[in-house]
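Peer 1: Here's a sequence, model it:
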Amino acid sequence: MNTQNLSTLQQAVNRLLKPLIRLLLRHGMPYGVFADLAKQAYVEVAYHDFQLNSRKQSLSRVSIISGINRKDVAKMLKNTDSPSTNEIGLNRNRASRVVNSWLIDPRFVDDQNKPLVLNLGEQTPSFEQLLKAYSIDVPVRAVLDELERLGLVHTTQETVELLDISYVPDHDHQEQLRICGDAAHDLLTTLDHNLSAGSKRKRIQRSVAYDCIDVSALEHIQQFTTEEIQQFVSHYNQRLAQYDLDINPQQTVHRRARAGIGIYYFQDCSPKEDFS
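Peer 2: Numbers count the residues shown, from 1 in each chain. As a prediction, the model looks like this:
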């Protein structure tokens, strides 16, 4: 990498790190912990993503690429215990799955595609029918308790109502942090792909910004932006759900992947998750 490109990269990294460091400090993570996490990530990415001609990766090559001594590389690879992105995807929160299923199935929405209030008894449409339709093999009460804890539903003795058409767990800080990590990972993965891909293989990543807006207009801008993007996301949810294997188990597939939009497209395919 030439000096000019290196300088530009350093400036870009410095800019993206600042909001990350702000988040870490706000939640009490000191530099030492972050440094250990960064070191571990360097080793894992160098090991898994920078092999030569599909040959088995060596500790020496990982050490050369990452700049971390070979002894530390061996120790970190042996003690890796954090779940991979794909493992996290496979264990996606059931609450999110319930909400998405509720929003895309015509049996559980009205003529305007708004989620119906569901019955807790046998009368159609019922919440139990929703769970059974998508093979969510968990007791109804357990699922309701989780949705209530996350602030996603309002229940009475006879009905359950979805309070928001998006999965926003306002009452679960840990889940919010997990979603934050997923979103940042997805955007950076797309940006990294676009920097190295040919023009025909780039993934869409778009933003619109103006730098001379009066602060008095910001509340209005945020309001109409939220409304219009929510409409788009609801439409996209309907489209993307047609390809989900949990919702459409009859589809023939060979590999599991994760895909969606920010407003940017992302995808994440795992060679380790092949189907027989």
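
Peer 1: mind checking how far whichever helix or strand Asp72 is part of is from the chain centre?
Peer 2: Assigned by DSSP states H and E, Asp72 falls within helix 70-78. From the chain centre to the centre of helix 70-78 is a distance of 29 Å (CA atoms, centre = their mean, to the nearest Å).

Peer 1: And for Val138, the neighbour number?
Peer 2: 11 (other CB atoms under 10 Å). Any C-beta I mention is one placed from the backbone N, CA and C, and that applies to glycine too.

Peer 1: Without its sequence neighbours, what residue ends up closest to it?
Peer 2: Arg94 (6.3 Å; CB to CB, 6 or more residues apart in numbering).

Peer 1: picking up where we left off before, need the contact partners of the helix holding Asp72.
Peer 2: 39-40, 43-44, 47, 59-60, 62-63, 66, 68 (CB atoms under 8 Å, 6 or more residues apart in numbering).

Peer 1: Go through it and flag the buried ones.
Peer 2: With burial defined by 16 or more other CB atoms under 10 Å, the residues of helix 70-78 counted as buried are 73, 76-77.

Peer 1: Stretch 51-58 spans what distance, first to last residue?
Peer 2: 9 Å (CA to CA, to the nearest Å).

Peer 1: roughly how far is that stretch from the heart of the chain?
Peer 2: Distance of stretch 51-58 from the chain centroid (CA atoms, centre = their mean) equals 29 Å.

Peer 1: re the thing from before, for the contacts of helix 70-78, give me TSV that also has pLDDT, distance to Leu245 and neighbour count.
Peer 2: Formatted as TSV, the contacts of helix 70-78 follow (pLDDT from 0 to 100; distance: CB to CB, whole Å; neighbours: other CB atoms under 10 Å):
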residue	pLDDT	distance to Leu245	neighbour count
Lys39	94	36	16
Gln40	93	31	17
Val43	94	32	23
Glu44	92	27	17
Tyr47	93	29	20
Leu59	93	37	15
Ser60	93	40	10
Val62	94	34	24
Ser63	95	39	18
Ser66	93	35	20
Ile68	95	38	17
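
Peer 1: for the helix or strand hosting Arg258, packing partners?
Peer 2: For Arg258, the host element (DSSP H and E) is strand 255-261. The contact analysis (3 or more CB pairs under 8 Å, 6 or more residues apart in numbering; DSSP states H and E) places strand 255-261 against helix 85-90, helix 218-241, strand 265-274.

Peer 1: who does it pair up with?
Peer 2: The strands beside strand 255-261 in its sheet (DSSP bridges) come out as strand 265-274 (antiparallel).

Peer 1: Would you indicate which residues of stretch 231-241 are buried?
Peer 2: Buried residues in stretch 231-241, defined by neighbour count with 16+ other CB under 10 Å: 233, 237, 240-241.
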